[in-house]
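Visitor: After the sequence you'll find the predicted model.
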Amino acid sequence: MSETRALAKVLRAERFGINRNIVGTGALALVLKKHFFFHDFQLSYQ
């Protein structure tokens with residue numbers, strides 16, 4: 001019983017960490033996408 005409870009705790013912590021990483025990665029991806037989209041836009045209109 002205590003094993004599954006410990007496992008659940010670890011999984012919950014993992015999920016929390018993953019969610020935080022997704023937020024960080026999502027923000028980074030948005031910035032990169034904006035940057036690359038702007039770059040592509042400039043290239044296509046040169």
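Guide: That came in fine, so what should we check first? Residues are numbered from 1 along each chain as shown.
Visitor: ok, K9 - how many residues close by?
Guide: Using other CB atoms under 10 Å, K9 is surrounded by 10 other residues. Yep, even glycine has a C-beta here, placed from its N, CA and C like the rest.
Visitor: again but with K34, I slipped
Guide: 10.
Visitor: now do F37
Guide: Residue neighbour count, defined by other CB under 10 Å, stands at 10 for F37.
Visitor: Now do the same contact list for it.
Guide: Contacts for F37 (CB atoms under 8 Å, 6 or more residues apart in numbering) come out as none.
Visitor: Give me the pLDDT for it.
Guide: Listed pLDDT for F37 reads 73.
Visitor: so where does L30 fall, helix or strand?
Guide: When elements are assigned from DSSP states H and E, L30 belongs to helix 2-44.
Visitor: Centre of the chain to that helix, how far?
Guide: 1 Å (CA atoms, centre = their mean, to the nearest Å).
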